[in-house]
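**Student:** For reference, the sequence and a predicted model appear below.
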Amino acid sequence: MESLLVSAFVVAIAEIGDKTQLLAIILATRFKKPVPIILGILVATLANHALAALAGSLVSDLFDGAWFKWAIAVSFIAMAAWALIPDKADDDLPGGAGRYGVFLTTTIAFFLVEMGDKTQIATVALGARFHDVFWVAAGTTLGMMAANIPAVYLGEAATRIVPLKYVRLGAALIFLGLGIWAGAEAFRA
């Protein structure tokens, strides 16, 4: 249960103001069809984060030493620094859904934009930390949906509810705390 809750909380906070959340806002304002957008985000996130959690878990099984535990701790601390950097929406989205429709356009765009994103890398680190692919992927997906559903329904107004500067700082502190926690565990090993 810890892996589900920590994963959901970390990703929900990290996602606010992230480029994938900005993509959700852009898609919502462009297509004005929230249900297929939300379903596309859900499918893309489940696929992307299941693979990321699996990668983290497999890598941690292969490299089960003190140095790897330190690498996990450092990766969380690096994520803390990265969380402080604001994301910008990419301007290269296609002009319309075209022949793929809103759902498939959202699924493909969201899956691709999530590659190498903060939340995907956090999912890899969480998978390595907890060794529980199912609950980590479920938690990170829950966190993504908690952050993106309001963004889809509220559009651009969602970014004005909470100043992103404070959200980024909060996310950075959470990642820093996880890094310190992982570092303390590495020190004990």
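**Tutor:** That came through fine.

**Student:** Output the longest helix belonging to this protein.
**Tutor:** helix 34-62 (DSSP state H).

**Student:** Following the chain past the helix or strand bottoming out on mean pLDDT in the chain, name the next helix or strand.
**Tutor:** Among the secondary structure pieces of the chain, namely its helices and strands, helix 158-161 has the lowest mean (mean pLDDT, DSSP states H and E), a mean of 59. In the C-terminal direction, the helix or strand that comes right after helix 158-161 (DSSP states H and E) is helix 164-188.

**Student:** counting contacts, what elements does that next one pack onto?
**Tutor:** The criterion is 3 or more Cβ pairs under 8 Å, 6 or more residues apart in numbering; DSSP states H and E, and the helices and strands that helix 164-188 contacts are helix 2-15, helix 66-83, helix 118-130. The way it works is simple: take the backbone N, C-alpha and C, and place the C-beta from them, glycine included.

**Student:** What's the mean pLDDT across that helix?
**Tutor:** What helix 164-188 shows for mean pLDDT is 78.

**Student:** neighbouring contacts of that helix?
**Tutor:** Contact partners of helix 164-188, identified using Cβ atoms under 8 Å, 6 or more residues apart in numbering, comprise 6, 9-10, 13-14, 16-17, 66, 69-70, 72-77, 79-81, 83-86, 122, 125, 129.

**Student:** Just want the most central residue of the chain.
**Tutor:** Centroid check for the chain by Cα atoms, centre = their mean gives residue 119 as the closest residue, at 2.4 Å.

**Student:** Buried residues, stretch 41-55. List them.
**Tutor:** For stretch 41-55, the buried set under the neighbour-count rule, 16 or more other Cβ atoms under 10 Å, comprises 41-55.
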